[in-house]
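[1] show me how the following folds:
(one chain, ligands or ions: 1)
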Amino acid sequence: MAAYSTILYEHPADGVARIVMNRPDARNAQNLDMTYELNDAFDRAVADAEVKVIVLAGADPHFSAGHDLRDTAEKKLGRDFPVVSTWGGFEDAGAEGRYAREQEIYLQNTRRWRNLSKPTIAQVQGKCLAGGLMLAWACDLIVASDDTTFCDPVVAMGVCGVEWFVHPWELGPRKAKEMLWTGDSWTAEEARSFGMVNHVVARAELADFTLRLAGKIASKPTFAVKTVKEAINRTLDIQGQNSAIEQAFGLHHLCHAHNMMKFGVIVDPSGLHPSVRSRIDPSLNKKS
Ligand code: ZN
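    Coordinates of the predicted model:
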């Protein structure tokens with residue numbers, strides 16, 4: 001990809017690449033263009049020997065409102081975007097195509113980003129919702145401004161959480177259940193108290209603080225930094241995190257199939273904001 005339309009790729013300091021989601025009018029909702037531009041930018045930063053640390057940010061005012069449900073079928077995986085997973089059959093009817101699409105777009109992309117060989121820092125402000133949480137959680141560290149709120153509201157849409165299901169690991173089991181069942185938002189300070197967020201800073205200091213943190217890490221021997229990430233991520237894998245994510249992804253798709261059987265769409269329409277419902281029903285209301 002030569003030029004990006006939904007993100008910015010910056011070098012704000014020596015050794016640091018900053019990838020900025022840049023759809024502020026859409027609250028940085030992730031459409032397919034953004035997902036695959038993010039993937040390309042992450043690969044670019046990993047391939048660049050000058051880059052030691054990758055910062056993921058969102059153009060003000062919000063980090064990300066999640067996945068853009070208005071994305072429709074006019075752009076196709078494998079034709080308009082490179083496939084990063086081992087899945088295919090994205091247009092197949094029924095649960096088969098939907099499962100393959102979400103494996104590719106959400107699960108396998110997020111897993112790739114979680115496993116990037118260089119350290120990543122999410123620089124978060126404003127709203128961080130649903131698919132926005134997935135992005136922040138895929139990063140190694142999270143720095144949040146004090147006006148950040150975190151929320152996974154998808155239970156109200158008849159689904160058991162977003163596709164990258166690390167809620168119990170990030171929040172602990174009791175807080176995870178409460179966050180999912182209530183759909184309540186958590187403040188940055190609350191998220192820090194659970195261990196989900198590393199630092200909470202004033203909005204005006206967010207970018208500088210994150211850069212200073214990135215600079216500290218960038219000054220360390222690179223292979224030791226990379227192997228710390230490997231060791232800690234593998235510890236989570238050994239504890240079963242990957243398997244837990246896989247089983248929740250299966251249940252997530254059971255919920256999509258249930259909603260399709262009951263309502264003819266993959267989410268419970270009653271849980272959607274009316275403005276969203278009117279925009280996405282035509283694209284979701286397909287049996288195939
Ligand atoms: Zn889904």
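[2] least trustworthy helix or strand in this protein by mean pLDDT?
    Sorted by mean pLDDT, DSSP states H and E, the helices and strands of the chain end with helix 274-284, the least confident at a mean of 57.
[3] nearest residue to residue 202 other than its sequence neighbours?
    Excluding its sequence neighbours, the residue lying closest to residue 202 (CB to CB, 6 or more residues apart in numbering) is residue 146, at 5.9 Å. C-beta here means a position set from N, CA and C on the backbone, and glycine is covered the same way.
[4] neighbours around that neighbour, how many?
    Residue 146 is flanked by 15 other residues according to other CB atoms under 10 Å.
[5] need the pLDDT of it.
    Here, the pLDDT recorded for residue 146 equals 98.
[6] residue 203 versus that one, what's the distance?
    Separation of residue 146 from residue 203 (CB to CB, to the nearest Å) stands at 7 Å.
[7] now residue 215
    Computed as CB to CB, the residue 215 to residue 203 distance reads 20 Å.
[8] so where's the protein uncertain?
    Along the chain, the parts satisfying pLDDT under 70 run over 1-2, 71-73, 275-288.
[9] give me the most central residue, it.
    The centre of the chain sits closest to residue 135, judged by CA atoms, centre = their mean, with a distance of 2.4 Å.
[10] to the chain's geometric centre, what's the distance from whichever strand or helix holds that one?
    For residue 135, the host element (DSSP states H and E) is helix 131-138. Taking the mean of its C-alpha atoms, helix 131-138 sits 3 Å from the chain's own mean (CA atoms, centre = their mean, to the nearest Å).
[11] moving C-terminal of it, what's the next helix or strand?
    Tracing the chain past helix 131-138, the next element assigned as helix or strand by DSSP H and E is strand 141-145.
[12] quick one, helices of the chain?
    32-47, 94-102, 109-114, 131-138, 167-171, 173-182, 188-194, 206-218, 222-238, 241-263, 274-284 (DSSP state H).
[13] and the contacts of the shortest one?
    Contacts of helix 167-171 with the rest of the structure, by CB atoms under 8 Å, 6 or more residues apart in numbering, involve 137, 152, 161, 176, 179-180, 194-196, 236, 241, 244.
[14] of those, keep whichever come out buried.
    If you count burial by 16 or more other CB atoms under 10 Å, the buried members of those come out as 137, 152, 161, 176, 179-180, 196, 241, 244.
[15] any chance of a markdown table for the residues you listed, columns distance to residue 121?
    Output for the buried ones among the contacts of helix 167-171, formatted as a markdown table (distance: CB to CB, whole Å):
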| residue | distance to residue 121 |
| --- | --- |
| 137 | 13 |
| 152 | 21 |
| 161 | 24 |
| 176 | 23 |
| 179 | 23 |
| 180 | 26 |
| 196 | 14 |
| 241 | 20 |
| 244 | 24 |
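[16] ok, those vs residue 263, which is closest?
    residue 161 (18.8 Å; CB to CB).
[17] my guess is residue 192 meets residue 199, correct?
    Yes. Shown here, residue 192 and residue 199 form a contact pair, counting by CB atoms under 8 Å, at 7.3 Å.
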